[in-house]
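Peer 1: predicted model follows, preceded by the sequence.
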Amino acid sequence: MAANDVNPVLRRLNTRYDDANEKLDHHFDSAMHGEEPDPAEFFALIQKRQITQQAMDATLKLHEKAKKTVMSESH
C-alpha cells in the first residue's frame, strides 16, 4: 500500500473515530443534564470507536511492513 493510498484511508478512519467521540460526548452531556440516553447506543458507539481504532492500527502496521520490506530489499 503506497503512502498516497494510506493517507485517505487514515483520514476517513480518523473522521469516523472523531464522529464516534463527538456522539459519545453528546451521550455524556445528555446524561449529565438528567436525560436517559439509550445504553445500547452507548455500547454501539464504544464498539464503533474500538473497531475504527483497530482498523487504523492495522492500516498503519501494513504500511510499516511495506516500508520495512522495501528497506530490507534495498540493502
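Peer 2: The structure has been received and is ready for your questions.

Peer 1: buried ones in the top helix by length along the chain?
Peer 2: Longest helix of the chain, by residue count under DSSP state H: helix 39-74. Using 16 or more other Cβ atoms under 10 Å as the test for burial, helix 39-74 gives 45, 48, 49, 52, 55, 56, 59, 63. Backbone N, C-alpha and C define where each C-beta goes, glycine included.

Peer 1: what's the lowest-pLDDT member of the residues you listed?
Peer 2: Note: of the buried residues of helix 39-74, the lowest pLDDT belongs to residue 63, at 83.

Peer 1: neighbours around the residue nearest to that one when sequence neighbours are not counted, how many?
Peer 2: Nearest residue to residue 63, sequence neighbours excluded (Cβ to Cβ, 6 or more residues apart in numbering): residue 6, at 4.8 Å. Residues lying near residue 6 (other Cβ atoms under 10 Å) number 15.

Peer 1: gap between residue 6 and residue 23?
Peer 2: Going from residue 6 to residue 23 by Cβ to Cβ, to the nearest Å gives 26 Å.

Peer 1: circling back: so which of the buried residues of helix 39-74 comes closest to residue 17?
Peer 2: residue 52 (4.7 Å; Cβ to Cβ).

Peer 1: which residues touch that closest one?
Peer 2: 13, 16, 17, 20 (Cβ atoms under 8 Å, 6 or more residues apart in numbering).

Peer 1: in helices only, show me the residues you listed.
Peer 2: Mapping the contacts of residue 52 onto helices (DSSP H) picks out 13, 16, 17, 20.

Peer 1: of these, closest to residue 41?
Peer 2: The closest of the ones in helices among the contacts of residue 52, once distances to residue 41 are taken by Cβ to Cβ, is residue 20, at 11.2 Å.

Peer 1: nearest to residue 34, out of the ones in helices among the contacts of residue 52: which one, please.
Peer 2: residue 20 (23.6 Å).

Peer 1: how near is the nearest residue to residue 16 once chain neighbours are set aside to residue 63?
Peer 2: Spatial nearest neighbour of residue 16, excluding adjacent residues (Cβ to Cβ, 6+ apart): residue 52 at 4.8 Å. According to Cβ to Cβ, residue 52 stands 17 Å off from residue 63.
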